[in-house]
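# next input, structure requested:
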Amino acid sequence: MVGSGYLAGLSDGEILLEARILGLADIAEAMSSYRPYQAARGIDKALEETLQNRGIYDPNAVDACLKLFTEKGFRF
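Below is the predicted model:
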């Protein structure tokens with residue numbers, strides 16, 4: 001993920017791929033699920049936004065996330 005490297009100031013390759021994938025999974029789950037402060041957008045909208053922000057999120061994590069949902073049939 002591109003960003004501040006919150007907590008330790010890490011950037012790009014310094015953040016484990018597994019952590020980048022989990023971070024993206026958390027984002028997709030949060031967007032697709034109901035929250036008291038935000039209506040659920042649904043997984044299709046969450047995946048669409050994830051793909052649109054592929055340059056912000058790690059491209060490999062985005063590809064893995066999309067593959068799980070579109071090819072492997074994963075559901076929350």
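# mean confidence score for the top helix by length along the chain?
Criterion DSSP state H: the longest helix present in the chain is helix 17-32. Computed over helix 17-32, the mean pLDDT rounds to 88.
# convert it to CSV, retaining C-alpha atoms only.
Taking C-alpha atoms only, helix 17-32 is exported to CSV below (Å, rounded to 0.1, in the frame of the first residue of the first chain):
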residue,chain,number,x,y,z
LEU,A,17,2.9,-8.7,1.1
GLU,A,18,0.7,-10.7,3.5
ALA,A,19,0.1,-7.5,5.5
ARG,A,20,-0.8,-5.6,2.3
ILE,A,21,-3.2,-8.3,1.4
LEU,A,22,-4.8,-8.3,4.8
GLY,A,23,-5.0,-4.5,4.8
LEU,A,24,-6.9,-4.6,1.5
ALA,A,25,-9.2,-7.4,2.7
ASP,A,26,-10.0,-5.3,5.7
ILE,A,27,-10.8,-2.3,3.4
ALA,A,28,-13.0,-4.5,1.1
GLU,A,29,-14.9,-6.0,4.1
ALA,A,30,-15.4,-2.6,5.7
MET,A,31,-16.8,-1.1,2.5
SER,A,32,-19.1,-4.1,1.8
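# okay, buried residues for that helix please.
20, 21, 23, 24, 25, 27, 28, 31, 32 (16 or more other CB atoms under 10 Å). Where C-beta positions appear, they are placed from N, C-alpha and C, glycine not excepted.
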